[in-house]
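# build me a model:
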Amino acid sequence: MKPRLFLLACLSAVILNACSSQKAIGPATPQQVAEMLAEKQYLFFMQYVRPASGRQRMISGNYTLVVTKNKVEADLPYFGRAYNATMGVDGGMKFRSEDFSYEMVSGKNESRAITIRPKDVSDIQVVYLTVFPNGSADLRIQSNNRQAISYSGDIRALPQPK
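As a prediction, the model looks like this:
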């Protein structure tokens, strides 16, 4: 009877550990946000999506836009109208660019307006990112083949390699 009780306790501990939520990342300080933007080393973590025609939706999952000095990589959901159907595309706003222009200007209320224009991705015209001092951010992507779409979320530090 004791081995069964021990096995049940171990199994319960494993299940509880697997079901526990990840450690919450606290809000970034304005200084941390400024450093991430200046170094071009950050990720935009999406929480809400706002299609051009439709209502805002809360999305769960790990949808991001990763920005580094050498690349911009998006893995975001897409809801909206496509003007041209492309065969073999996975769906969503997914792209990777290693040849892009990056411009950052100061906006209202100490926000930063970032404009990214990929040169090696034919579908994406421009990516607009507005970042506020507390780390919250709005992202808008204009495409050649689909309606524009907006996202809300926050800016986070890139995970460090293990």
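# what does the model give the residue most central in space within the chain for pLDDT?
Note on the chain: the residue nearest the mean C-alpha position is Thr64, at 2.3 Å, using CA atoms, centre = their mean. Model confidence at Thr64, expressed as pLDDT, equals 94.
# just give the nearest non-adjacent residue to it, would you?
Leu43 (4.9 Å; CB to CB, 6 or more residues apart in numbering). Every residue, glycine included, has its C-beta placed from N, CA and C.
# ditto for Gly91
What sits nearest to Gly91 in space, not counting adjacent residues and going by CB to CB, 6+ apart, is Tyr78, at 6.6 Å.
# quick one: the one you found and Arg146 touch, right?
Yes. The pair Tyr78 and Arg146 qualifies as a contact (CB atoms under 8 Å) at a distance of 6.7 Å.
# who has more neighbours out of those two?
When Tyr78 is set against Arg146 and neighbours are counted by other CB atoms under 10 Å, the residue ahead is Arg146, at 19 against 16.
# now do the helices in this protein.
Per DSSP state H, the chain has helices spanning 2-19, 30-39. These are given in chain order.
# and these, which one's lowest on average pLDDT?
Confidence, taken as mean pLDDT, is least for helix 2-19 of these (a mean of 49).
# hmm, back to that, and the gap between the residue nearest to Thr64 and Leu158?
Using CB to CB, to the nearest Å, one obtains 6 Å as the distance from Leu43 to Leu158.
# need the residues touching each of these two.
Taking CB atoms under 8 Å, 6 or more residues apart in numbering as the contact criterion, the residues that touch both Leu43 and Leu158 are Val66.
# ok, those two, which is more surrounded?
Taking Leu43 and Leu158 together and counting by other CB under 10 Å, Leu43 has the greater number of neighbours (20 against 14).
# still on that earlier bit, give the contact list for the residue nearest to the centre of the chain.
The neighbours of Thr64, taking CB under 8 Å, 6+ apart as the test, are Leu43, Phe44, Phe45, Met46, Ala74, Asp75, Leu76.
# these, buried ones only, as a ChimeraX selection?
Only the buried entries of the contacts of Thr64 go into this ChimeraX selection, using 16 or more other CB atoms under 10 Å:
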select :43,44,45,46,74,75,76
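# will you turn the contacts of Thr64 into TSV that also has distance to Ser60 and pLDDT?
Conversion of the contacts of Thr64 to TSV gives the following (distance: CB to CB, whole Å; pLDDT from 0 to 100):
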residue	distance to Ser60	pLDDT
Leu43	17	94
Phe44	16	95
Phe45	12	95
Met46	10	94
Ala74	18	95
Asp75	14	93
Leu76	13	93
